[in-house]
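Chemist: Generate a structure from the sequence data that follows.
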Amino acid sequence: MTIAPDDAQRDALLYRAMRDFIQSMDDTLPGKFEITKEGIVHDMLAPVGPHELTVLRVRKRLEKVMPEELVAHTGTPDVEGETQGIMRHPDIMVIAEEDMEVEGSFDPRALVAAVEVVSRSNPDNDWVGKMRDYPLLGIPVYALFDPRSASGAVLSGIHDTPLGPRYSVRKDFVYGEDVAIGEWIIPTQDLPRYP
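Modeler: Residues are numbered from 1 along each chain as shown. Predicted coordinates:
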């Protein structure tokens, strides 16, 4: 008698195999790996100056206005929703310091917000893939800063749809305006653009 795995078991095995592959490649191949609902994303290019400077300025501006127990974290580890089969690494994770005291990946439900600076080499990863994956992970606020167009958007209000959880509120902004990320307002002046 043969017992075939059900869809959930098959999905869990596939996710585990992708995760093991990424861990084996971490120190071997350049770039950043993430697991999405559609498979592995590999951004081969290292972030350029305008990307990193935007991350730095947004992080510092957020930390000026947030309560002391929250941080705008830019390091490792990833956020991982094993049951959803998703492992992502936001450019900035707004999270309570106490929620960082874990072994392994952060629980995405502990994030107050995720902030991404849109990649010049793979903008669809931020504007399409993460816009789909972050509400699936339960991240309540997703802010995007796009140095290609000097604009961005803040998404919130997770609600159920036939395609799964999605953000219901989108507030677009252009650089130079103040923007609300969650309950905190930061300026967007002097954020660099890609050449």
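
Chemist: Find the residue closest to the residue nearest to the spatial centre of the chain in space, skipping its chain neighbours.
Modeler: Centroid-nearest residue in the chain, with Cα atoms, centre = their mean: P90, separated by 3.1 Å. Nearest residue to P90, sequence neighbours excluded (Cβ to Cβ, 6 or more residues apart in numbering): A114, at 3.9 Å. Every residue, glycine included, has its C-beta placed from N, CA and C.

Chemist: Any idea what that neighbour is bridged to?
Modeler: Counting by DSSP bridges, A114 forms beta bridges with M93, Y142.

Chemist: returning to that earlier point: mind listing what the residue nearest to the centre of the chain touches?
Modeler: Residues near P90 by Cβ atoms under 8 Å, 6 or more residues apart in numbering: 79, 111, 114-116, 130.

Chemist: and which of those residues is nearest to S149?
Modeler: Nearest to S149, judged by Cβ to Cβ, of those is E116 at 14.2 Å.

Chemist: is it true that the closest one touches V141?
Modeler: No - with contact defined as Cβ atoms under 8 Å, E116 does not count as touching V141 (11.7 Å).

Chemist: what about the residue nearest to the centre of the chain, which SS state?
Modeler: Assigned with DSSP: H, G, I helix; E, B strand; the rest coil, P90 falls in the coil class.

Chemist: Could you list the low-pLDDT ranges of this protein?
Modeler: Scanning the chain for pLDDT under 70 picks out the ranges 1-15, 18-20, 22-31, 34-35, 39, 42-47.

Chemist: Helices of that one, start to end?
Modeler: 7-25, 49-65, 123-124, 130-137 (DSSP state H).

Chemist: Figure out how far the third one is from the centre of its chain.
Modeler: Looking back up the chat, that one is helix 123-124. From the chain centre to the centre of helix 123-124 is a distance of 13 Å (Cα atoms, centre = their mean, to the nearest Å).

Chemist: Check stretch 98-105 too.
Modeler: Relative to the chain's own centre, stretch 98-105 is displaced by 17 Å; criterion: Cα atoms, centre = their mean.

Chemist: Sweet, I'm off.
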